[in-house]
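K.L.:
Any chance you can model this:
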Amino acid sequence: MNAWDLSLLHQINTAWSHPVLDWLMPALSAIEAWLPLIIAAVLLTAWRGGKRARIMLLCLGIAIGLGDGVISNTLKKSIGRVRPRDARPEVIVRDLGTASPAFMRLFEKPVVKPSEPSGATTGKSFPSSHTVNMFAAATVIACFYRRAGLFMYLLAAAVGYSRVYCGAHWPGDIPPSMAIGVLVGLGVVAVARRALAQGLEKQG
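P.N.:
Below you'll find the model as predicted:
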């Protein structure tokens with residue numbers, strides 16, 4: 001890490017903290033806690049949205065699977081950048097409280113504690129899978145529904161910020177992760193549209 005990474009990490013993770021953010025930022029990071037709502041939204045969209053929405057959902061699934069399972073996973077293993085909370089003792093770690101099912105974590109008091117560096121020299125800090133996934137999803141949605149996509153980009157940016165606030169990623173991890181997500185989303189939509197166009201030509 002370089003000097004600006006350390007300086008900005010300190011500002012976001014420590015200086016710009018607030019009790020409200022101590023709940024909100026971990027809540028944004030805890031994707032699994034929102035899973036029931038996400039599943040409900042996907043099912044409703046597939047049921048009521050028509051062909052356009054179902055194609056979008058297919059692109060979403062492919063983009064997230066590709067961005068998370070292939071690209072992010074491969075880069076994390078090959079780069080091996082250690083996470084801030086595992087490297088620096090002054091980092092504040094924030095998370096939601098423990099509860100089952102995961103959705104109930106949103107109603108627990110957040111956990112805020114100093115980091116306990118493990119001494120590890122490698123880790124999975126780059127890229128941020130949360131950020132890659134969210135920006136890939138936002139890009140796919142924006143390609144089909146511009147207004148909804150704008151909202152998703154704002155949400156994706158907030159999730160990326162939350163990863164630094166919670167001590168899970170360096171600030172420098174986030175912009176490249178955003179770019180990866182956008183490129184994955186654009187690539188999947190472009191391939192899908194080409195496949196659909198070729199299918200229509202064959203039918204014609």
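K.L.:
which strands and helices sit next to the one helix or strand K202 maps to?
P.N.:
Assigned by DSSP states H and E, K202 belongs to helix 174-203. When contacts are defined as 3 or more C-beta pairs under 8 Å, 6 or more residues apart in numbering; DSSP states H and E, helix 174-203 sits against helix 50-64, helix 129-144, helix 146-165. Backbone N, C-alpha and C define where each C-beta goes, glycine included.
K.L.:
and these as a markdown table, adding mean neighbour count, mean pLDDT and distance to A179?
P.N.:
What follows is the helices and strands packed on helix 174-203, written out as a markdown table (neighbours: other C-beta atoms under 10 Å; pLDDT from 0 to 100; distance: least, C-beta to C-beta, whole Å):
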| stretch | mean neighbour count | mean pLDDT | distance to A179 |
| --- | --- | --- | --- |
| helix 50-64 | 17 | 96 | 14 |
| helix 129-144 | 25 | 98 | 8 |
| helix 146-165 | 18 | 97 | 11 |
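K.L.:
Buried residues, the helix holding K202. List them.
P.N.:
Of the residues in helix 174-203, those buried by neighbour count under the rule 16 or more other C-beta atoms under 10 Å are 174, 177-178, 180-189, 192.
K.L.:
ok, N13 to P171 distance?
P.N.:
Between N13 and P171 the distance, using C-beta to C-beta, to the nearest Å, works out to 9 Å.
K.L.:
Which of the two has more residues huddled nearby?
P.N.:
For N13 versus P171, the count of surrounding residues by other C-beta atoms under 10 Å is larger for N13: 25 against 22.
K.L.:
pLDDT score for the more buried one?
P.N.:
Confidence at N13, expressed as pLDDT, is 98.
K.L.:
what about it, distance to I92?
P.N.:
Summarising the geometry, the distance separating N13 from I92, computed by C-beta to C-beta, is 6 Å.
K.L.:
which residues are common contacts for the two?
P.N.:
Taking C-beta atoms under 8 Å, 6 or more residues apart in numbering as the contact criterion, the common neighbours of N13 and I92 are G167.
K.L.:
Run a quick neighbour tally on A40.
P.N.:
One way to gauge burial is a neighbour count; for A40, by other C-beta under 10 Å, it gives 10.
K.L.:
Which secondary structure state does it sit in?
P.N.:
Here A40 takes the helix state, with states given by DSSP: H, G, I helix; E, B strand; the rest coil.
K.L.:
follow-up on the earlier one: of the helices and strands packed on helix 174-203, give the one that comes closest to R105.
P.N.:
Nearest to R105 among the helices and strands packed on helix 174-203 is helix 146-165; the distance by C-beta to C-beta comes to 14.5 Å.
K.L.:
Quick one: list the elements packing against the closest one.
P.N.:
helix 19-29, helix 129-144, helix 174-203.
K.L.:
Cheers, nothing more for now.
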